[in-house]
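Student: Dropping a prediction and its sequence here:
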Amino acid sequence: MPHGDLIKLLTNVGRMEQDMARFYAAQLVIVFDFIHNLDLIYRDLKPENVLLTRSGYIKLADFGFVKKIKPWERTYTLCGTPEYMSPEVIMSLGHGRGADWYTLGILLYELTCGRPPFMDNDTYEIFKKVLKNPIPFENDYDPDARSLIRHLTKHDLSKRYGTQPGGVKIIRSHPYFSKIDFADIRSMNYGKVPHIPDS
């Protein structure tokens, strides 16, 4: 990929403006919807796995943790990147599509804050923070982005966006995406790509 990945872009800009992050998040909503409709879960979303094409649109890489699973089934493998693992993955409670939507919330936070919400040199300490601490937001953080992230990262799966009745439609209709035409994103006809990094 001529423009590298989202971690390279994030390193260049420090943290993304919401319009830029929204552009990438909207594409990932489409990608996850497509994958889930094939009865697959991805389980390893992180900036390093989101590649940038010449046009600035994304391609998802590294399908090593992908698993075929029906919507009502659960799997129990502990896998993924610690900073991105959902509570149900960490606790081996059984996970499905909701684990992917959780990672989207964490990715949106990292893109707009420059780092994941829960960090530590010790993996066990990261897990403790995920399970016990609320996601920290600065006071002036965009309220729509805050709302979407909180709904995507709910510990209670019955309240987490993407797992409720209505599924992805609820995510797409969230106010955070009010400026996004998902049909234009899907057809790569969105207009000016918010930012294409230097090669």
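Tutor: Right, received. Where do you want to start?

Student: so where do the strands sit in this protein?
Tutor: Applying DSSP state E to the chain gives strands spanning 40-41, 50-52, 58-60, 67-68.

Student: quick one, what contacts the closest residue to Ile90 other than its chain neighbours?
Tutor: Distance criterion Cβ to Cβ, 6 or more residues apart in numbering; nearest residue to Ile90, sequence neighbours excluded, is Phe127 at 5.0 Å. In this view, the C-beta of every residue, glycine as well, is placed from N, C-alpha and C. Counting by Cβ atoms under 8 Å, 6 or more residues apart in numbering, Phe127 makes contact with 82, 85, 90.

Student: Apply 10 Å and report the result again.
Tutor: 82-83, 85, 87, 89-91, 118, 120 (Cβ atoms under 10 Å, 6 or more residues apart in numbering).

Student: Same list (the strands of the chain) but as CSV, adding mean pLDDT, mean neighbour count and distance to Tyr24.
Tutor: As requested, those are exported to CSV (pLDDT from 0 to 100; neighbours: other Cβ atoms under 10 Å; distance: least, Cβ to Cβ, whole Å):
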stretch, mean pLDDT, mean neighbour count, distance to Tyr24
strand 40-41, 97, 20, 20
strand 50-52, 95, 21, 7
strand 58-60, 94, 17, 6
strand 67-68, 96, 13, 24
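
Student: and Val193, which of those is closest to it?
Tutor: Nearest of the strands of the chain to Val193, taken as Cβ to Cβ: strand 50-52 at 9.3 Å.

Student: helices or strands next to the closest one in the packing?
Tutor: On a contact count with 3 or more Cβ pairs under 10 Å, 6 or more residues apart in numbering; DSSP states H and E, strand 50-52 meets helix 6-13, helix 18-37, strand 58-60.

Student: ok, residues contacting that strand?
Tutor: Residues contacting strand 50-52 (Cβ under 10 Å, 6+ apart): 1-9, 24, 27-28, 31, 57-62, 107, 111, 193, 195-197.

Student: from these, which would you call buried?
Tutor: Buried members of the contacts of strand 50-52, scored by 16 or more other Cβ atoms under 10 Å, are 3-6, 8-9, 24, 27-28, 31, 57-58, 60, 107, 111, 195-197.

Student: What segments of this protein are helices?
Tutor: For the chain, the helices defined by DSSP state H occupy 6-13, 18-37, 87-90, 97-113, 123-132, 143-152, 168-172, 182-186.

Student: so which of these is the most packed in?
Tutor: helix 97-113 (a mean of 24; mean count of other Cβ atoms under 10 Å).

Student: by contact count, what packs against it?
Tutor: helix 6-13, helix 18-37, strand 40-41, helix 87-90, helix 143-152, helix 168-172.

Student: Try it again at 7 Å.
Tutor: Helices and strands touching helix 97-113, by 3 or more Cβ pairs under 7 Å, 6 or more residues apart in numbering; DSSP states H and E, are helix 18-37, strand 40-41, helix 143-152.

Student: returning to that earlier point: save the strands of the chain as a markdown table, and put in distance to Arg97 too.
Tutor: As requested, the strands of the chain are arranged in a markdown table below (distance: least, Cβ to Cβ, whole Å):
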| stretch | distance to Arg97 |
| --- | --- |
| strand 40-41 | 6 |
| strand 50-52 | 18 |
| strand 58-60 | 15 |
| strand 67-68 | 11 |
